[in-house]
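Novice: Requesting a structural model of the entry that follows:
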Amino acid sequence: MGLLLGLCVMTFVAGCGSGFKLTGVTVSLVDIKPAEATVLESSAVLTLRYSNENVIPIGLSGSSHKIYLNGSYVGKALSKDPVGLAALTSTTQDVTVRFENLALMRQFVAMRERQTAAYKIESVLYVTSGEEELNIKTSNSGSVDLRALTSAAK
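Specialist: Residues are numbered from 1 along each chain as shown. Sure thing, here's the model as predicted:
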């Protein structure tokens with residue numbers, strides 16, 4: 001029986017490169033804090049929560065995230081740091097976003113009385129196992145507290 005189960009798992013893994021799609025992984029924006037600001041570039045540290053709704057563990061070898069605040073694209077965050085997701089769990093990771101829309105940052109300063117913003121995050125999660133590569137595309141939205149950003153920009 002154990003040999004049969006082992007062969008089934010090996011067949012499943014071998015078939016990953018032939019059209020297998022992994023779903024059930026979500027990325028949420030938990031927190032946003034200022035990192036650095038210059039005349040030409042600003043950045044912030046995003047705390048992201050990865051949730052694995054699968055019954056198998058997943059190892060991410062890296063990720064890419066496009067960030068939108070209040071419907072406007074603000075920048076992209078890239079990470080080459082690996083993240084391990086046990087089955088049916090979640091974990092957090094800090095990544096740095098480079099703001100590409102500095103005019104929007106000025107709008108945040110002007111909105112000091114507003115404490116939250118709607119966000120959308122479009123992520124590509126990279127899974128590498130030996131020579132096999134798999135990309136998981138996911139999108140999520142919610143709201144995030146902006147008080148740390150606006151207080152640092154005063």
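Novice: What segments of this protein are strands?
Specialist: Here the chain has its strands, by DSSP state E, at 25-37, 42-52, 58-60, 62-69, 72-79, 83-85, 89-99, 116-129, 132-145.
Novice: Can I get the ones you listed in TSV including mean pLDDT and mean neighbour count?
Specialist: In short, each C-beta sits where N, CA and C put it, glycine included. Shown next, in TSV, are these (pLDDT from 0 to 100; neighbours: other C-beta atoms under 10 Å):
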stretch	mean pLDDT	mean neighbour count
strand 25-37	91	17
strand 42-52	94	20
strand 58-60	94	17
strand 62-69	96	20
strand 72-79	94	18
strand 83-85	95	17
strand 89-99	95	16
strand 116-129	93	17
strand 132-145	94	14
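Novice: Nearest to Q107 among those would be which one?
Specialist: When the strands of the chain are compared by C-beta to C-beta, strand 72-79 sits nearest Q107, at 8.5 Å.
Novice: Outside of that closest one itself, list whatever touches it.
Specialist: Contact partners of strand 72-79, identified using C-beta atoms under 8 Å, 6 or more residues apart in numbering, comprise 43, 46, 62-68, 93, 95-101, 104-105.
Novice: Keeping just the C-alphas, turn it into PDB.
Specialist: Below are the C-alpha coordinates for strand 72-79, written out as PDB (Å, rounded to 0.1, in the frame of the first residue of the first chain):
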ATOM      1  CA  SER A  72      -4.300  54.000  -8.600                       C
ATOM      2  CA  TYR A  73      -1.100  52.000  -9.400                       C
ATOM      3  CA  VAL A  74       1.600  53.100  -7.000                       C
ATOM      4  CA  GLY A  75       4.500  50.600  -7.500                       C
ATOM      5  CA  LYS A  76       5.900  47.100  -7.600                       C
ATOM      6  CA  ALA A  77       7.500  45.000  -4.900                       C
ATOM      7  CA  LEU A  78       9.900  42.100  -5.700                       C
ATOM      8  CA  SER A  79      11.200  39.500  -3.400                       C
END
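Novice: got the angle between that strand and strand 62-69?
Specialist: 160 degrees (axes from the mean of the first three to the mean of the last three C-alpha atoms, to 10 degrees).
Novice: So what touches stretch 41-49?
Specialist: Stretch 41-49 is contacted from outside by 27-37, 65, 67, 75, 77, 90-99, 102, 105, 121, 149, using C-beta under 8 Å, 6+ apart.
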